[in-house]
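Novice: structural data only, the sequence is not supplied:
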């Protein structure tokens with residue numbers, strides 16, 4: 001089977017040629033493969049380094065962005081142009097070891113659709129490893145996908161996986177979760193992680209907060225995209241019932257305890273507001289159901305027709 005190696009690149013000019021040589025060595029027994037570099041708006045000489053390689057080896061492909069769009073956008077474009085039955089992703093900073101590629105493929109051959117690397121021993125500062133542990137724990141608990149390292153760049157996919165998921169924003173961190181929620185089989189193996197030799201990490205402290213917002217988006221979209229009324233309707237029903245019982249309390253005070261309405265005007269208004277909010281949530285859910293119904297036909301579900 002043909003293998004596509006997809007590599008996002010952002011200001012990694014010193015690493016590119018060495019990474020190419022290591023990948024070529026790791027795939028020396030593989031007859032059909034391609035290496036796709038996605039230049040994500042690098043401001044150094046990364047693009048020139050990749051062009052030089054592509055002139056020497058036609059298996060090297062280059063996709064260049066006008067500016068820096070981020071890792072998710074780079075992977076998304078790489079996935080579109082990848083022609084292999086198996087797709088390998090890895091970072092361009094030489095911390096991912098290309099010698100792990102055969103191990104990832106062997107794990108895929110056990111029947112899995114996606115195999116993620118697990119950097120069990122990491123050569124990163126604690127300011128990067130500690131937030132990563134929290135991030136992975138929370139993601140593992142909320143998504144139900146039992147792997148240790150969601151954000152490891154070194155992964156192997158069957159082509160059916162990358163054709164079924166959408167990667168944008170910060171969703172590259174959650175590709176195993178997205179695949180798991182679509183009932184693809186996900187596994188992991190321990191991979192060798194190496195110290196950074198050239199350049200500086202592109203990791204920023206704010207990404208952990210952005211990552212949690214992306215996680216909430218993924219949990220909502222994947223669970224309720226096809227049945228939005230289940231989400232909005234539940235909130236609407238709870239709010240409506242709460243408002244109904246508040247109004248019953250007002251009636252009880254008025255007709256049983258014989259207290260004037262003016263004494264409980266705030267409670268009366270609260271009940272009315274809760275009922276109106278409940279009806280609004282129901283309306284949003286119904287509109288969502290209509291939109292979901294008309295969008296179902298646009299989803300690509302068919303693998304083949306003979």
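Specialist: Thanks, I have it. What you see is a predicted model, and the numbers here were worked out from it, not measured in a lab.
Novice: I figured residue 105 hits residue 86, correct?
Specialist: Yes - shown here, residue 105 and residue 86 form a contact pair, counting by CB atoms under 8 Å, at 6.2 Å. From N, CA and C alone the C-beta is placed, and that goes for glycine too.
Novice: compare these two (neighbour count), which wins?
Specialist: The neighbour count for residue 105 versus residue 86, taken as other CB atoms under 10 Å, is higher for residue 86 (22 against 17).
Novice: just to revisit the earlier point, mutual contacts of residue 105 and residue 86, please.
Specialist: 3, 156 (CB atoms under 8 Å, 6 or more residues apart in numbering).
Novice: and residue 269, how many neighbours does it have?
Specialist: Other residues near residue 269 come to 12 when the count uses other CB under 10 Å.
Novice: swap that for residue 18, please
Specialist: Around residue 18 sit 12 other residues, with neighbours defined as other CB under 10 Å.
Novice: and residue 67, by the same measure?
Specialist: Other residues within reach of residue 67 by the criterion other CB under 10 Å amount to 7.
Novice: where does the closest residue in space to it that isn't next to it in sequence fall, phi/psi-wise?
Specialist: Spatial nearest neighbour of residue 67, excluding adjacent residues (CB to CB, 6 or more residues apart in numbering): residue 41 at 4.2 Å. Phi and psi for residue 41, reported as degrees, to the nearest 10, are phi 70, psi 40.
Novice: do the same with residue 89
Specialist: Per-residue torsions, residue 89: phi -110, psi 150 (degrees, to the nearest 10).
Novice: tell me what the helix or strand encompassing residue 235 is packed against?
Specialist: For residue 235, the enclosing helix or strand under DSSP states H and E is helix 228-255. Packing partners of helix 228-255 (3 or more CB pairs under 8 Å, 6 or more residues apart in numbering; DSSP states H and E): helix 207-224, helix 265-295.
Novice: lowest-confidence stretch among these?
Specialist: The stretch with the lowest mean pLDDT among the helices and strands packed on helix 228-255 is helix 207-224, at a mean of 65.
Novice: for residue 189, see how far away the closest residue in space to residue 191 that isn't next to it in sequence is.
Specialist: Using CB to CB, 6+ apart and skipping the chain neighbours, the partner closest in space to residue 191 is residue 117 (3.7 Å). Summarising the geometry, the distance separating residue 117 from residue 189, computed by CB to CB, to the nearest Å, is 7 Å.
Novice: report how many residues lie close to the residue nearest to residue 67.
Specialist: Neighbour tally, residue 41, other CB under 10 Å: 18.
Novice: at which residues are the strands of the chain located?
Specialist: Assigned by DSSP state E, the strands in the chain fall at 3-9, 33-39, 60-64, 86-89, 114-118, 155-158, 186-190.
Novice: what does the last one rub up against?
Specialist: Applying CB under 8 Å, 6+ apart, the external contacts of strand 186-190 come out as 100, 103-104, 107, 110, 112-118, 120, 145, 147-149, 176, 179-180.
Novice: can you tell me the strand partners of it and which way each runs?
Specialist: Strand pairing for strand 186-190, using DSSP bridges, gives strand 114-118 (parallel).
Novice: hmm, who's touching stretch 80-88?
Specialist: Residues lying outside stretch 80-88 but in contact with it, judged by CB under 8 Å, 6+ apart, are 1-6, 32-34, 36, 61, 63, 79, 101, 104-105, 108, 154-159, 162.
Novice: now the residues you listed: which count as buried?
Specialist: Buried by 16 or more other CB atoms under 10 Å: 3-6, 33-34, 36, 61, 63, 79, 101, 104-105, 108, 154-159, 162, out of these.
Novice: next, count neighbours for residue 129.
Specialist: For residue 129, the neighbour count with other CB under 10 Å is 12.
Novice: just residue 183 next, same as before
Specialist: Burial of residue 183 is recorded as 8 neighbouring residues (other CB under 10 Å).
Novice: how close does it sit to residue 106?
Specialist: Counting by CB to CB - residue 183 and residue 106 are separated by 23 Å.
Novice: next: residue 132.
Specialist: 26 Å.
Novice: low-confidence ranges in the protein?
Specialist: Under the criterion of pLDDT under 70, the regions of the chain flagged as low confidence span 201-212, 217-226, 292-306.
Novice: more neighbours: which of residue 132 and residue 106?
Specialist: Relative neighbour count places residue 132 above the other of residue 132 and residue 106, with 21 against 12, counting by other CB under 10 Å.
Novice: break this protein into its domains for me.
Specialist: The record assigns the chain these domain ranges, following automatic domain parsing: 3-224, 228-298.
Novice: out of the ones you listed, deepest packed?
Specialist: Mean neighbour count, computed with mean count of other CB atoms under 10 Å, is highest for domain 3-224 among the domains of the chain, reaching a mean of 18.
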